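Q: what shape does this take:
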Amino acid sequence: MRKIDCFSIEEQEIHPLVEFSFLSRTVKEHSYKIMESLGLFDISNTTINDQCFGIKEEKKRCFLVIDHNVYSIYGYSITNYFKFYNIDFGIKVLTVSEKNKTIENVLELAKEIDEFNLSRRNEPIIAIGGGVLTDICSLTANLYRRSTECIKIPTTLMGQIDAAIGVKTGINFNGNKNRLGTYYSSGKVLIDRTFLQSLDDRSFNNGLAEILKMALVKEPFLFELLEKHKFVICKDRMLGKQDYSTIIQLSIKSMLEELAPNLWEDSLERVVDFGHTFSPVLEMKAVEDLYHGEAVSIDMAYSVLLAYEKKLISKEDLDRALNLFEALSLPTDHEFCTPELFTTALNDACMHRAGKQNFPLPITIGKSIFSNDITSDEIARVVDKMKSLSVESVCN
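A: The predicted structure follows:
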């Protein structure tokens, strides 16, 4: 056997009908950097220039992909920044949504990048926008020249604490959410919370759902911080208090703690799948009506109620959770939530999880287990219970 660092070739025992056989192994270190800097596109802030381009590069080039709404607000500041630092750039402004998160958009973007003749190694794609845009750009970067650096600058709360943090890319296909995708990490993720000031309430709260996810199944202190600021966090847009920086850091850190040891999903027991069993099917059925975080929120609410019905959590924890959903203006139900849809979604999740339910359920605030014995009868009872709770809420 010959070894060079983490590479090896081994001769294998030869089967009588096989002339020869080699087993090739390669282990590659995988790392990517996530950092926060406020006011990224202020020309006095050198973070992008310093972090995204080599110091010795005489000619700096990149390709910018910017969400249409972001460009309408920040377009001048963004382009002026790159001009100030003498960075040659191509630009594509995209109008994106779950409806057009498709292979057609990926191929169209790849075509424009190719026409710009982007170099593979030292000329990054810089994606500036929400989770849908960074998903499209990451997949395009992974495919273009078999891997081109993609630097993500998420401008939504959902992007900053969830969509831009992991290594999965994904586009919707054949009526299914993220059915096509790859594992590919960006070179860097740059977070700037000042972008959150331009979000409307619904878009901001959409991201709160993924923060609440980690709070419910992994980080009890994060749950306490959300409770503490539940009536002002949306108005403040996560700015002006040290606790908000802690919330962002805890959300990202807890997510990375779950993702990093299982980056390629060798294990299909994933705490981060909390809120993502019923929601993929619900979200695609209600694609005109629900944001991703809203679908996740509804899934989580049903999951918490399911945990209570299975006697895994206390009534006190159930009430705390449901009260926080309400205070954060997160939905807990939808007209499309039926036993039939949830059973279909659970069966689809089982296909994705190698035949097991691997359904994360909280056992107290901040801790969870995986359940593999959820029945359609239990689902039907929980749907009936949630509908009755929703009616009681409206009547009160």
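
Q: which ones are touching Thr134?
A: 127, 152, 154, 159, 163-164, 186 (CB atoms under 8 Å, 6 or more residues apart in numbering). Where C-beta positions appear, they are placed from N, C-alpha and C, glycine not excepted.

Q: and the next element down the chain from the helix or strand containing it?
A: With elements taken from DSSP states H and E, the one containing Thr134 is helix 131-143. Counting by DSSP H and E, the next helix or strand C-terminal to helix 131-143 is strand 150-154.

Q: give me the angle between the helix holding Thr134 and strand 150-154.
A: Relative orientation of helix 131-143 versus strand 150-154 (axes from the mean of the first three to the mean of the last three CA atoms, to 10 degrees): 180 degrees.

Q: show me how far helix 131-143 is from its chain's centre.
A: 12 Å (CA atoms, centre = their mean, to the nearest Å).

Q: who does Lys152 form a beta bridge with?
A: For Lys152, the beta-bridge partners under DSSP bridges are Ala127, Val189.

Q: what's the domain layout of the protein?
A: 33-198, 201-395 (automatic domain parsing).

Q: how far off centre is the shortest one?
A: In this case it means domain 33-198. With CA atoms, centre = their mean as the basis, the mean position of domain 33-198 lies at 14 Å from the chain mean.

Q: then the longest one?
A: Averaging C-alpha coordinates over domain 201-395 and over its chain gives two centres that are 14 Å apart (CA atoms, centre = their mean).

Q: pLDDT weak spots in the stretch 1-150 of the chain?
A: 1-7, 11-14, 55-57 (pLDDT under 70).

Q: can you pull out the strands in it?
A: Ranges of strands in the stretch 1-150 of the chain, per DSSP state E, counting those that start in this stretch, are 2-4, 7-11, 22-26, 33-36, 60-67, 87-94, 125-129, 150-154.

Q: follow-up on the earlier one: distance to His15 added to the domains of the chain, as CSV?
A: Output for the domains of the chain, formatted as CSV (distance: least, CB to CB, whole Å):
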stretch, distance to His15
domain 33-198, 32
domain 201-395, 28
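
Q: quick one: contacts of the longest helix seen in the chain?
A: Longest helix in the chain, counting residues (DSSP state H): helix 376-395. The contact list for helix 376-395 (CB under 8 Å, 6+ apart) reads 301-302, 305-306, 309-310, 322, 326, 332-333, 337-339, 342-343, 346.

Q: among these, which ones are buried?
A: Among these, those classed as buried by 16 or more other CB atoms under 10 Å are 301-302, 305-306, 322, 332-333, 337, 339, 342-343, 346.

Q: who are the contact partners of Val287?
A: 98-99 are the contacts of Val287 under CB under 8 Å, 6+ apart.

Q: try it again with 6 Å
A: Glu98 (CB atoms under 6 Å, 6 or more residues apart in numbering).

Q: before we move on, the earlier item: among the contacts of helix 376-395, name the ones in helices.
A: Filtering these for helices - DSSP H - leaves 301-302, 305-306, 309, 322, 326, 339, 342-343, 346.

Q: now, which of those sits nearest Asp243?
A: In terms of CB to CB, no member of these lies closer to Asp243 than Glu326, at 20.7 Å.

Q: buried residues in stretch 198-209?
A: Applying 16+ other CB under 10 Å to stretch 198-209 flags 198-199, 203-209 as buried.

Q: so of these, which two are at opposite extremes in space?
A: By the measure CB to CB, Ser198 and Ala209 form the most distant pair in those, at 19.4 Å.

Q: and the strands of the stretch 1-150 of the chain as CSV, adding distance to Met386 and mean neighbour count?
A: Shown next, in CSV, are those (distance: least, CB to CB, whole Å; neighbours: other CB atoms under 10 Å):
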stretch, distance to Met386, mean neighbour count
strand 2-4, 57, 8
strand 7-11, 54, 12
strand 22-26, 49, 9
strand 33-36, 36, 14
strand 60-67, 34, 22
strand 87-94, 37, 17
strand 125-129, 34, 28
strand 150-154, 32, 27
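
Q: can you list these in a markdown table and add distance to Thr277?
A: Compiled in a markdown table, those are given as follows (distance: least, CB to CB, whole Å):
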| stretch | distance to Thr277 |
| --- | --- |
| strand 2-4 | 43 |
| strand 7-11 | 39 |
| strand 22-26 | 34 |
| strand 33-36 | 27 |
| strand 60-67 | 29 |
| strand 87-94 | 30 |
| strand 125-129 | 27 |
| strand 150-154 | 25 |
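
Q: so which of these gets nearest Ile248?
A: Nearest to Ile248, of all the strands of the stretch 1-150 of the chain, is strand 33-36, at 7.1 Å by CB to CB.

Q: ok, the residue minimising distance to the centre of the chain - contacts?
A: With distances taken as CA atoms, centre = their mean, Ala163 lies nearest the centre of the chain, 2.3 Å away. By CB under 6 Å, 6+ apart, the residues touching Ala163 are 131, 134.

Q: again with Glu36
A: Ile191.

Q: and what of Ile136?
A: Taking CB under 6 Å, 6+ apart, we find Ile136 in contact with 105-106.

Q: now it: how far from Leu118?
A: Using CB to CB, to the nearest Å, Ile136 is found at 16 Å from Leu118.

Q: please enumerate the strands of the stretch 151-300 of the chain.
A: Using DSSP E, counting those that start in this stretch, strands in the stretch 151-300 of the chain cover 171-173, 176-180, 188-191.

Q: any residues touching the shortest one, and which ones?
A: Among residues not part of strand 171-173, those counted as contacts by CB under 6 Å, 6+ apart are 101-103, 179-180.

Q: buried only: go through these for me.
A: Using 16+ other CB under 10 Å as the burial test, the contacts of strand 171-173 include 101-102 as buried.

Q: between the contacts of strand 171-173, which is nearest Val272?
A: Of the contacts of strand 171-173, the one sitting nearest to Val272 (CB to CB) turns out to be Arg179, at 18.6 Å.

Q: for stretch 260-271, buried residues please.
A: Neighbour-count burial for stretch 260-271 [16+ other CB under 10 Å]: 270-271.

Q: ok, which of the strands of the stretch 1-150 of the chain comes nearest Pro220?
A: strand 33-36 (23.0 Å).
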